[in-house]
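Q: I need the structure of the sequence given here:
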Amino acid sequence: MIRRLVVLGAATVAVLAVVVAGRVAPEEPVVAAPYEGEVTPAAQPVACPGPVEIPVGDIDSGDPDLGSGSDDRTYQALGDGTEPTGAGFLAEGDVAASVERIGGGDVAGLSAASCVAPVRDQWLVGGSTALGSSARLVLTNPSDASTEATVTLYGGLGELEEHAVVSIAPGGQQDLLLESVVAEVPALAVRVVATGAGVVAHLQDSRLDGFQPAGTDWVGRGSAPSTRLVVPGVGAEAEDAATTLRLMAPDGATADLMLAGDEGLVEWGGVSGLALEPGVVTEVEVPALASGAVEIRADAPVVAGAMISVTRPVVDGPADAVERDLAWLPAQDTTDRKRRSVMVTDHVSAVTVHAAVAGEFTLTDADGEVIVSQQMAARSTATIPLEATAGTVLTGPARFTWSLALEDEPGFVATLVPRRTDVESTPVTVGLRPYLGPGS
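A: Numbering: from 1, shown residues only. Down below sits the predicted model:
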């Protein structure tokens, strides 16, 4: 028995010696050169939110002057290969758009939206949940997989504690009334972060002044936080028009604001070195200008947008009553030097363009025919009359920022903003690393 134990002990020692020797002097692995390449995502359909909805529902008061709805309503959806999803629609082409005219009721006005592709992280600067206002967030998922979106809200006191998480089925759409998440926030900025291929977000901003409509429009996706932004199209011809610029710096920033007009930069006092506290939404009134653009230069990334409010006469109502319509303009990143395209809808009347440098601005259609051409001075803005058939796709050069102006009687306004149609590739590095096993 003792001899057996001695033999087993000697065998164990031999095995341990082999294992230890293997750990002390492992074979050197062959190091392969890493692979450098790019991954191009699959193109996703672009999505639009669909018709405007009355936040409280269509209420029939029995008096046509006090009803919330309207029979004077037209809706136009334009794009190649459109198909419905929820209340909105998807389009297989690179660009698509919708426009809706509502002649009366609580959401009277002109509302336009550019269809965009899904992304995982996006910002919408606009909307309000103050008394008389509604902010309806519409999330569309064009992909074949379900996704989950986290909605973060910012206001005048910074990032709000209230968040919302929304699940959207494949090819589905979900609405979220932001006033149900947080109330009495007069100036909002919204961040939507989604899983998977991402979502398309639009925000319906609807307002009432007592019983009178004060405007409705879609707040579209703006630029990601950037240090160089331009908001083109802040001017309005109406005598009582007012423009408000809204800014927010996620991590805080100091921003310089400049106003460009037909002849170049315009005097605008008190907006140099504007301090933006982290996450705090700040609003600045923009001087009246027939045609203009706001330049934003900051020492840290910011997001921005501008709202134009236009008054119109009240046909049926108290003598001192005022009705309004509004239009939202998201900021565009001037460091993103890419060509952009937009689809023309009914009611398009002009294009407003801002030139960072001197040059010729041209808009061409799908056949390459020049629809608009104008020589521009550096840091100037021009509003150019535009005549194009609904459904025409217009493309502009990379070094300009621009938007389409829509208008209709009586005092209805809206805007359409172009989008990039190229698909960005993501650089990747793939390399081999040796597996040393657990405990190594």
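
Q: So Ala187 is in contact with Arg246, correct?
A: Yes. Counting by C-beta atoms under 8 Å, Arg246 is a contact partner of Ala187 at 5.9 Å. Any C-beta I mention is one placed from the backbone N, CA and C, and that applies to glycine too.

Q: Return every residue with contacts to both of the two.
A: Common neighbours of Ala187 and Arg246 are listed as 281, 283 (criterion: C-beta atoms under 8 Å, 6 or more residues apart in numbering).

Q: can you give me the helices in the stretch 1-150 of the chain?
A: Using DSSP state H, counting those that start in this stretch, the helices of the stretch 1-150 of the chain run over 2-24.

Q: Where does the prediction get shaky in it?
A: For the stretch 1-150 of the chain, the stretches flagged by pLDDT under 70 are 1-32, 35-42, 56-69.

Q: The biggest strand by length in the chain: partners in the sheet, and parallel or antiparallel?
A: Counting by DSSP state E, the longest strand found in the chain is strand 293-312. According to DSSP bridges, strand 293-312 forms sheet pairs with strand 226-232 (antiparallel), strand 242-248 (antiparallel), strand 253-261 (antiparallel), strand 323-330 (antiparallel).

Q: got the CA positions of the first one in PDB?
A: The one in question is strand 226-232. Only the C-alpha atoms of strand 226-232 are listed here, as PDB (Å, rounded to 0.1, in the frame of the first residue of the first chain):
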ATOM      1  CA  SER A 226     -22.000  71.200 -32.600                       C
ATOM      2  CA  THR A 227     -19.900  74.300 -32.100                       C
ATOM      3  CA  ARG A 228     -20.900  75.800 -35.500                       C
ATOM      4  CA  LEU A 229     -24.600  76.100 -36.400                       C
ATOM      5  CA  VAL A 230     -26.800  78.100 -38.700                       C
ATOM      6  CA  VAL A 231     -30.600  78.600 -38.600                       C
ATOM      7  CA  PRO A 232     -31.600  79.900 -42.100                       C
END
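
Q: average pLDDT for it?
A: Throughout strand 226-232, pLDDT has a mean value of 97.

Q: likewise the second one?
A: Average pLDDT, strand 242-248: 96.

Q: mind listing what's buried in it?
A: Along strand 242-248, these residues count as buried under the neighbour rule (16 or more other C-beta atoms under 10 Å): 242-248.

Q: Return the most buried member of the strands paired with strand 293-312.
A: Neighbour counts (mean count of other C-beta atoms under 10 Å) averaged over each of these peak at strand 323-330, with a mean of 26.

Q: and the next helix or strand after it, how far from the chain's centre?
A: Sequence-wise, the next helix or strand downstream of strand 323-330 (DSSP states H and E) is strand 332-333. Taking C-alpha atoms, centre = their mean, to the nearest Å, the mean C-alpha location of strand 332-333 is offset from the chain mean by 11 Å.

Q: If anything else comes up later, I'll come back, but that's it for now.
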